[in-house]
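Quick one, fold the following:
(2 chains)
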Amino acid sequence: MGTSNPTPGRPELSVKSWQDFIGGCTVVVAAVFALWLGWKLPFGSFDGIGPGMMPRAVALLLGILGFLLILASFLNSGEGAIGSIAWRGLIFVLAAIVVFAFSVRPLGLLVAAPITILISSLSNRESKPVEIIAFSIAMTVVSIALFKFVLQLPIPLAPWLLGY
Amino acid sequence: MDLVANLAQGFATAATPSNLLLCFVGCFIGTLVGVLPGVGPIATIAMLMPLTYKFDPTGAIIMLAGIYYGAQYGGSTTAILINVPGESSSVVTALDGHAMAKTGRAGAALGIAAIGSFAAGTVATVFIALLGVPMTKLALLFGPADYFALMVLGLALAVMLARGPVLKALIMIVVGVLLSTIGQDAETSDERLTLGIESLADGIDFAVLAMGVFGVAEIIRNLESVEKRDVLKAKIGKLLPTIAELRQSFWPIARGTGLGSILGILPGNGATLAPFASYTLEKKLADDPTRFGKGAIEGVAGPESANNAGAQTSFVPLLTLGIPPNAVMALLVGAMTIHGVIPGPQVMTKNSELFWGLIASMWVGNLMLLVINLPLIGLWVRLLKVPYRILFPSIILFCCIGIYSINNNPDDVLAIGAASIFGYVIIKLGFEPAPMLLGFVLGKLMEEKLRQALGISRGSFYVFLERPIALALLIGAVIIVFVAVLPMVRKRREEAFQE
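Here you go, the predicted model:
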């Protein structure tokens, strides 16, 4: 990539973009992992490409590109920073999804929908309790009306109460 | 003439009550997600795709297409009124559109955006209709080697047109291709890179990946910052531009339409370039370039027309060659396949009703968008005040319901969680996810075509040099990659994206 040296003669060797440095390392690790996973797949030959050729060739290319990104992180300051991680958002949004996945079949939409709304609302500091509860009831009614009755999807409604 | 007969057939298809309704629903939802920040057409189409299983293929595609170009319209509304581009395609519109709004000319900006888009949509509809037959004939000449070369060219273009550093865009494409190899091998049924996880045997579902990365991961990122939205306090004013403004906008609209129509056909998402190219062109041609950025109506008229024309002509590679130029088109591949329609030159011959019906519906949809956007502008302005804190839980719920409904399988919902962690990591590391989705879709096709090409030539790579189409496309790809890494062009490209 770039060729600019800050001080001619004695290039300074330090990471200028941590985002690119970590990004490059992640990419290299992912590429090595993919290479390892695909190691036993038959490579085949060019007139009969085996299942292993594409994954390995692509993983190799990815590794090289990741390495180039690491090199570039020493030369260019890059465009962004990683910044803080939205742990609160990450945890509650994922929790909402997981809870939906496990509750939709046994408990049905009547329970899964409001719980999903409630949990995901927790990820935002600005949420107000009364507003969330009212909104989760409203969204449950809307989603049941839309998905169950208008579009007639075979999604369980409340098996424990209604049997479907 | 054939064209007239074909278009007549198309309009007959598009004008059936159910298709009209679906077209309206699509345009309406599209405008909605275009207006609402944090929800884009990619996540929406992925979310709603399973709901279209019950419709006939033509109706389903008409509705999904409506969401796509409807979102382009809606995106410009927020760009003008609150300086937040609802879609990345309306970044340029925000520059002069919002400046116009601040001086009390919001109505004129909204009006000219709608008029320009409608004019562009009309021309683009005819353009697609004209191109459809010759492009399909061309596609029939394509052998596997040519297809492979075309996709290489598409990916090369995608690298050049992506935002941010070239190397990172390239990495994302390769990551996408690598992800596409996960799952059973198409020919030998060997399990590849599945880690022994059963649900990965069929490969990663595109809708799951798109929803996780563009829906949920985007939400998590938005939750990082407290939202700030300065909804316009000033009055919107008259929606109809004055005669002088119309006259001023005529040529920018015409040029934008031409630029957008041509760029949209390019594989590798040429359409994204259209508004930027149009803005730069208008600024160059203007008598007084300093007016730009301070509310020049040409800076709204040109890019908006280019944007809409490009959005429509980007259907051409999908419908004639079967190669999706961007992530939305890739989702439509999925939607078509579910309905048993194989994208490619066969669409026109075997599903001519769908082909012409879709084209005609775009014009009908543009007409509807005029109605949805201009008289109903008050509704959208009010919607802009819906706080994000009650918006995002609904998006999550709809994503969950949508993905569950594809196979009635809760594992798919968990997969969205996994995809969203992956997406969030990508975003945090400063990678642009859009090229990855394109690599993911084209990856599978590329491997298939490469296998076929080398199988026919018995392993000789000369097949790519002997066939004139393949050779020309590959040379094009090499030139593009070369140009993209040239320092001079790189600087220009950064400037263009910054404007």
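
can you give me the helices for the stretch 301-450 of chain B?
For the stretch 301-450 of chain B, applying DSSP state H, counting those that start in this stretch gives helices covering B:315-316, B:327-338, B:346-350, B:352-373, B:377-383, B:388-407, B:410-428, B:433-456.

and these as TSV, adding mean pLDDT and mean neighbour count?
Where C-beta positions appear, they are placed from N, C-alpha and C, glycine not excepted. Formatted as TSV, the helices of the stretch 301-450 of chain B follow (pLDDT from 0 to 100; neighbours: other CB atoms under 10 Å in any protein chain shown):
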stretch	mean pLDDT	mean neighbour count
helix B:315-316	90	26
helix B:327-338	84	22
helix B:346-350	85	17
helix B:352-373	90	23
helix B:377-383	81	15
helix B:388-407	86	23
helix B:410-428	92	21
helix B:433-456	87	23
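
Of all the ones you listed, which one is nearest A:W87?
A:W87 sits nearest to helix B:410-428 of all the helices of the stretch 301-450 of chain B, at 11.0 Å, using CB to CB.

Kindly report the residues of the stretch 51-200 of chain B close to chain A.
Within reach of chain A by CB under 8 Å from any CB of the partner chain, the stretch 51-200 of chain B has these residues: B:51, B:54, B:164-165, B:167-168, B:170-171, B:174-175, B:177-178, B:181, B:185, B:187-188, B:190, B:192-193, B:195.

of these, buried ones?
B:51, B:164-165, B:167-168, B:170-171, B:174-175, B:177-178, B:181, B:185, B:188, B:192-193 (16 or more other CB atoms under 10 Å in any protein chain shown).

From these, which land in helices?
Where these overlap with helices, as defined by DSSP state H, the overlap consists of B:167-168, B:170-171, B:174-175, B:177-178.

Quick check: of those, which lies closest to B:L438?
Of all these, the one sitting nearest B:L438 is B:V177; the distance, using CB to CB, is 9.6 Å.

How about the contacts made by that closest one?
For B:V177, the residues meeting the contact criterion (CB atoms under 8 Å, 6 or more residues apart in numbering or on different chains) are A:58, B:439-440, B:442-443, B:446.

Could you break chain A into its assigned domains?
As assigned by automatic domain parsing, chain A contains the domains A:18-75, A:87-162.

Which of the buried ones among the residues of the stretch 51-200 of chain B next to chain A sits closest to B:L32?
The closest of these to B:L32 turns out to be B:L51 (CB to CB; 15.1 Å).

wait, what's in contact with that closest one?
Contacts were defined as CB under 8 Å, 6+ apart; by that measure B:L51 touches A:147, A:151, A:153, B:402, B:405.

For the residue of the stretch 1-150 of chain B at minimum distance from chain A, report the pLDDT, please.
Nearest residue of the stretch 1-150 of chain B to chain A: B:L51, at 5.3 Å (CB to the nearest CB). In this prediction, B:L51 carries a pLDDT score of 76.

State the distance from it to B:I406.
Applying CB to CB, to the nearest Å, one obtains 10 Å for the distance of B:L51 from B:I406.

Also B:L200?
In this structure, B:L200 and B:I406 are 16 Å apart, going by CB to CB.

Could you do B:P375 as well?
When CB to CB is applied, the distance between B:P375 and B:I406 equals 37 Å.

Repeat that for A:G24.
Distance from A:G24 to B:I406, by CB to CB: 35 Å.

which helix is the longest one in chain A?
Ordering each helix of chain A by length in residues (DSSP H) puts helix A:53-75 first.

So for that one, mean pLDDT?
Confidence over helix A:53-75, taken as the mean pLDDT, stands at 91.

outside of whichever strand or helix holds B:G258, which residues touch it?
Under DSSP states H and E, the secondary-structure element containing B:G258 is helix B:243-265. For helix B:243-265, contacts defined as CB under 8 Å, 6+ apart pick out B:108, B:112, B:115-116, B:119-120, B:123-124, B:127, B:131, B:241, B:270-271, B:273-275, B:277-278, B:281-282, B:297-298, B:301-314, B:316-317, B:325.

from what I can see A:L90 touches B:I219, true?
No. In terms of CB atoms under 8 Å, A:L90 does not count as a neighbour of B:I219; the distance is 10.1 Å.

Could you check how far B:L131 is from B:C400?
If you measure B:L131 against B:C400 using CB to CB, the figure is 40 Å.

C-terminal to the helix or strand harbouring A:F33, which secondary structure element comes first?
Taking DSSP H and E as the criterion, the element that holds A:F33 is helix A:18-37. From helix A:18-37 onward toward the C-terminus, using DSSP H and E, the following helix or strand is strand A:44-45.

low-confidence ranges in chain A?
With pLDDT under 70 as the threshold, chain A has low-confidence stretches at A:1-12, A:78-79.

mind listing what A:F21 touches?
Residues near A:F21 by CB under 8 Å, 6+ apart: A:15, A:70, A:73-74.

ok, now with 10 Å
Contacts for A:F21 (CB atoms under 10 Å, 6 or more residues apart in numbering or on different chains) come out as A:15, A:69-74, A:78, B:429.

Could you turn the buried ones of the residues you listed into a PyMOL selection?
The PyMOL command for the buried members of the contacts of A:F21 (criterion: 16+ other CB under 10 Å) is given here:
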select buried, (chain A and resi 69+70+71+72+73+74+78) or (chain B and resi 429)
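
So A:C25 is in contact with A:L69, correct?
Yes. Between A:C25 and A:L69 there is a contact under CB atoms under 10 Å: 8.8 Å.

Overlap in contacts, those two.
Counting by CB under 10 Å, 6+ apart, the common neighbours of A:C25 and A:L69 are B:L429.

where are the low-confidence patches of chain B?
For chain B, the stretches flagged by pLDDT under 70 are B:1, B:38, B:85-88, B:226-235, B:487-499.

Write out the residues of the stretch 201-350 of chain B neighbouring chain A.
Proximity of the stretch 201-350 of chain B to chain A is confined to B:212, B:216-217, B:219-227 under the rule CB under 10 Å from any CB of the partner chain.

Recalculate using a threshold of 6 Å.
Where proximity means CB under 6 Å from any CB of the partner chain, the interface of the stretch 201-350 of chain B facing chain A comprises B:220, B:223-224.

follow-up on the earlier one: can you list the contacts of B:L51 in CSV and add distance to B:Y424?
Formatted as CSV, the entries for the contacts of B:L51 read as follows, by distance: CB to CB, whole Å:
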residue, distance to B:Y424
A:F147, 27
A:L151, 30
A:L153, 28
B:G402, 20
B:S405, 24
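
Tell me which two in the residues you listed are the farthest apart.
A:L151 and B:G402 (10.6 Å).

sorry, back to before: as JSON lines, the contacts of A:F21 with distance to B:I390 would be great.
Rendered in JSON lines, the data for the contacts of A:F21 read as follows (distance: CB to CB, whole Å):
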{"residue": "A:V15", "distance to B:I390": "41"}
{"residue": "A:L69", "distance to B:I390": "39"}
{"residue": "A:I70", "distance to B:I390": "43"}
{"residue": "A:L71", "distance to B:I390": "46"}
{"residue": "A:A72", "distance to B:I390": "42"}
{"residue": "A:S73", "distance to B:I390": "40"}
{"residue": "A:F74", "distance to B:I390": "45"}
{"residue": "A:G78", "distance to B:I390": "36"}
{"residue": "B:L429", "distance to B:I390": "30"}
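
Just the closest of the contacts of A:F21 to A:V142, please.
Of all the contacts of A:F21, B:L429 has the smallest distance to A:V142: 36.6 Å, by CB to CB.

A:G23 is in contact with that closest one, correct?
Yes. The pair B:L429 / A:G23 is scored as a contact, 3.9 Å apart, by CB atoms under 6 Å.
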